[in-house]
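In: Here is the input, now give the coordinates:
(chains A, B, C, D, E and F)
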4 protein chains.
Amino acid sequence: MCKKDKRTDIMQAAMELLAEQGFHGAPMAQIAERAGVGAGTIYRYFENRDVLITELYSEIYERVHRVIVSAHPADRPIRERFFHIMKGFIAHYKDHPLEYRYIEQFHNSPYGLQHRKEKLLNVTGDYDFIHNLFEEGKKQQVIKDLPIAMVFNLAFAPIIWSIRDHHTGFLDLDDELAEVVVRSCWDSLKI
Amino acid sequence: MCKKDKRTDIMQAAMELLAEQGFHGAPMAQIAERAGVGAGTIYRYFENRDVLITELYSEIYERVHRVIVSAHPADRPIRERFFHIMKGFIAHYKDHPLEYRYIEQFHNSPYGLQHRKEKLLNVTGDYDFIHNLFEEGKKQQVIKDLPIAMVFNLAFAPIIWSIRDHHTGFLDLDDELAEVVVRSCWDSLKI
Amino acid sequence: MCKKDKRTDIMQAAMELLAEQGFHGAPMAQIAERAGVGAGTIYRYFENRDVLITELYSEIYERVHRVIVSAHPADRPIRERFFHIMKGFIAHYKDHPLEYRYIEQFHNSPYGLQHRKEKLLNVTGDYDFIHNLFEEGKKQQVIKDLPIAMVFNLAFAPIIWSIRDHHTGFLDLDDELAEVVVRSCWDSLKI
Amino acid sequence: MCKKDKRTDIMQAAMELLAEQGFHGAPMAQIAERAGVGAGTIYRYFENRDVLITELYSEIYERVHRVIVSAHPADRPIRERFFHIMKGFIAHYKDHPLEYRYIEQFHNSPYGLQHRKEKLLNVTGDYDFIHNLFEEGKKQQVIKDLPIAMVFNLAFAPIIWSIRDHHTGFLDLDDELAEVVVRSCWDSLKI
DNA sequence: GATGAATGAGCGTTCATTCAT
DNA sequence: GATGAATGAACGCTCATTCAT
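Out: Take a look at the predicted model:
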């Protein structure tokens, strides 16, 4: 029951409720209740609602990042590294629907825009890993020489939408289909 | 000063505010104020907030649909028809940033999920136009034989994200880059 | 379509809606719609909502009064005249449920208290008919020498409640039971 | 300063305002103000306005019920028990004008009809006390064999109206007159 | 005279945040 | 540190009344 525990409980409760009910369907009191703490307690760990939401985003982002970075075949060709990343990405979010929903909600909220703006001004190390892969791919002339934002869109957009459709039941994103969508994204990127 | 005028004012004000501030940042009173009408007046034209939001979506959706359908080269090959549609789509939303933002907000809200579900159960004529193009493409074996949802994702996701980035300043989606992204999407779809 | 017609239409619509839905469940717009007139038109005939409600009360009160007065056996004993009045009263309100409901609503609203107060200050001719019967009964020593308000309560309260129960289905106030309740009220009044 | 205090304050304020101004003349904000609490505080104790009104009714009903039941001469004749109940009833509501007004308002509102319906379907223990007295009176052939609703009307209607007149100043219901009205009601009931 | 579109004050209710305990 | 009762501004919506046509 150290300080970390309560903070973790709050974040877990917040993720569940915000993911399931949307950013506007989860009052602080409900988050507190699910976390098993008093409503006021949340404010000892997070200055306010916005800070909770933003820090939770960073936390969840870290998780997928760790998955992607781990066991990364850094010495293999760009194409292989791309496939490794994207399949890890899909696998992680198929296994963690709440995390997926949370990230999606975040990106499609006013927070998301703010977040992207800050990224643009000060590219932190987080993104750099994938960022660098794409830059290297451009240099090696295996992927198209496009603005980095466009590369990200071609690489991630269809995959992220497909994960969403998987969780909402519009699509059964099994291993075979996952392979296909990653290959298709690669087709759109490669020279 | 006919009846249509006030309804139009309200829809325009609603689009601006909902697009700019998100669905939860635009109270009815503010919409009324921007439209230059009393708060109660909105309810003469729209039963409630949900109806306003949904009807506004239909209206805006109609606009892009008209653009896409008009001058469609129905007798040309799938590939050419695809390029025509996608470039019309991009051009329209580059010219109408508020419409773009509104549609995006709508899709990423509970309304959007509801909307997709209804589409899935009862595909109305609206979507069928593009839907049929893709089905025909699959039959002619020029595009991959994938679930229709996946085809839509490959075709639209990178383009839609790029339009967003254009409006937020992350990307300058000029004609050349538009051509590239459409071609890339086609690369991901074609066999 | 003379002036009287529209006024009558409005009063009829108001009675129906106010009786059926309560004084707070019938907006002016709805009354206007049912009456087949514009919302503003009501205000040409009645200064405001309160006036409409009050004048409608007077009108409906007049109707039962006319029934009671007509064919009144003025030369018969008090007891017989009492039975004649009360049975006419019951018959009228059994036949006119909306009028009954309206009168009831009126009496149990702030209007009702106001109305009673005005009656107390200036006893108009309306009530005098029954009022005089009771006073004469007291003089002849056939009914108890009680304050007139008390006499009214003993005479009317059980009957009015029974009519209410008849209309709400709690009681079947057929002719036999009507006879019984009138006799019972008389039992409570007579010396 | 225990939890009960604030709940009691709110109920007292609600009773005063609803009794004095009618069910439609007492906004929640005004109740809160009179109770000396914030508007939102009411909702910690009562789910919504309807619940507040209904619970307040139960509370007030309980009070008169306790008075009537206490010191009840259960082994005395029906007539004597009737007099005991009715005089206790009158005494209580003479002493508590707001409670009287509240109960009256409640009965003459949509809540009251609902309440009567529920009573009719499932006669709970509350009413049974008086109910049983009347049924026993019918069995012993000391009161008329009438539908129970009619018995209640004969027994209570003139008394309740007289209490109302007492509070509005139309009648001075002193002990002597109270005795008379109870006796008169008994006269209307007895065989 | 008649209309009905327009109004805006007022309602019941929610919830992020505070603070006395 | 932890609590949760209390707050009150803000919301979506209603409807009696007005007034330009």
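
In: near DNA strand F at all, the lowest-mean-pLDDT helix or strand in chain A?
Out: Ranked by mean pLDDT, DSSP states H and E, the helix or strand of chain A with the weakest confidence is helix A:110-121, at a mean of 76. No: judged by C-beta under 7 Å from any atom of the strand, helix A:110-121 makes no contact with DNA strand F; its nearest approach is 14.2 Å. For every residue, glycine as well, the C-beta is placed using N, CA and C.

In: Check whether that helix comes into contact with DNA strand E.
Out: No: no part of helix A:110-121 sits close enough to DNA strand E to count as contact by C-beta under 7 Å from any atom of the strand; the gap is at least 13.4 Å.

In: Return the residues of chain A in contact with chain B.
Out: A:22-24, A:104, A:108-110, A:113, A:116-117, A:120, A:144, A:146-147, A:149-150, A:153-154, A:157-158, A:160-162, A:165, A:168, A:170-172, A:177, A:180-181, A:184-185, A:187-189 (C-beta under 8 Å from any C-beta of the partner chain).

In: Only the buried residues of stretch A:59-72, if you could.
Out: For stretch A:59-72, the neighbour count (16 or more other C-beta atoms under 10 Å in any protein chain shown) marks A:60-61, A:64-65, A:67-68 as buried.

In: Let me know the closest of these to C:Phe129.
Out: Within the buried residues of stretch A:59-72, the smallest distance to C:Phe129 is 83.0 Å, found for A:Ile60 (C-beta to C-beta).

In: low-scoring stretches of chain A, by residue?
Out: Counting by pLDDT under 70, the low-confidence segments of chain A come to A:1-4, A:119-127.

In: 80 instead?
Out: Residues of chain A that meet the criterion pLDDT under 80 lie in A:1-4, A:113-114, A:116-128.

In: How much space separates whichever residue of it sits closest to DNA strand F from DNA strand E?
Out: Going by C-beta to the nearest atom of the strand, DNA strand F is nearest to A:Gly40 of chain A, at 1.5 Å. In this structure, A:Gly40 and DNA strand E are separated by 3 Å, where distance is defined by C-beta to the nearest atom of the strand, to the nearest Å.

In: Provide the secondary structure category for that residue.
Out: Per DSSP: H, G, I helix; E, B strand; the rest coil, the secondary structure class of A:Gly40 is helix.

In: circling back to that earlier point, cross the residues of chain A next to chain B against strands and list the overlap.
Out: Using DSSP state E, no member of the residues of chain A next to chain B falls in strands.

In: how many neighbours does the closest residue to A:Ile78 other than its chain neighbours have?
Out: With C-beta to C-beta, 6 or more residues apart in numbering or on different chains as the measure, A:Gly137 is the residue that lies nearest to A:Ile78, at 4.4 Å, once sequence neighbours are left out. When counting by other C-beta atoms under 10 Å in any protein chain shown, one arrives at 23 neighbours for A:Gly137.

In: So which elements touch the helix or strand harbouring A:Gly137?
Out: Using DSSP states H and E, the element containing A:Gly137 is helix A:125-139. Contact analysis of helix A:125-139 by 3 or more C-beta pairs under 8 Å, 6 or more residues apart in numbering or on different chains; DSSP states H and E lists helix A:49-69, helix A:78-95, helix A:148-168 as its packing neighbours.

In: CA atoms of stretch A:88-102 as PDB?
Out: C-alpha atoms of stretch A:88-102 as PDB (Å, rounded to 0.1, in the frame of the first residue of the first chain):
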ATOM      1  CA  GLY A  88       4.300  -6.400 -32.700                       C
ATOM      2  CA  PHE A  89       2.200  -3.300 -32.700                       C
ATOM      3  CA  ILE A  90      -0.900  -5.200 -34.000                       C
ATOM      4  CA  ALA A  91      -0.300  -8.100 -31.500                       C
ATOM      5  CA  HIS A  92       0.000  -5.800 -28.600                       C
ATOM      6  CA  TYR A  93      -3.200  -3.900 -29.300                       C
ATOM      7  CA  LYS A  94      -5.200  -7.000 -30.200                       C
ATOM      8  CA  ASP A  95      -4.200  -8.300 -26.700                       C
ATOM      9  CA  HIS A  96      -5.000  -5.000 -25.000                       C
ATOM     10  CA  PRO A  97      -8.300  -3.600 -26.200                       C
ATOM     11  CA  LEU A  98      -8.600  -1.100 -23.400                       C
ATOM     12  CA  GLU A  99      -5.200   0.300 -24.100                       C
ATOM     13  CA  TYR A 100      -6.100   0.600 -27.700                       C
ATOM     14  CA  ARG A 101      -9.400   2.300 -27.000                       C
ATOM     15  CA  TYR A 102      -7.700   4.700 -24.700                       C
END
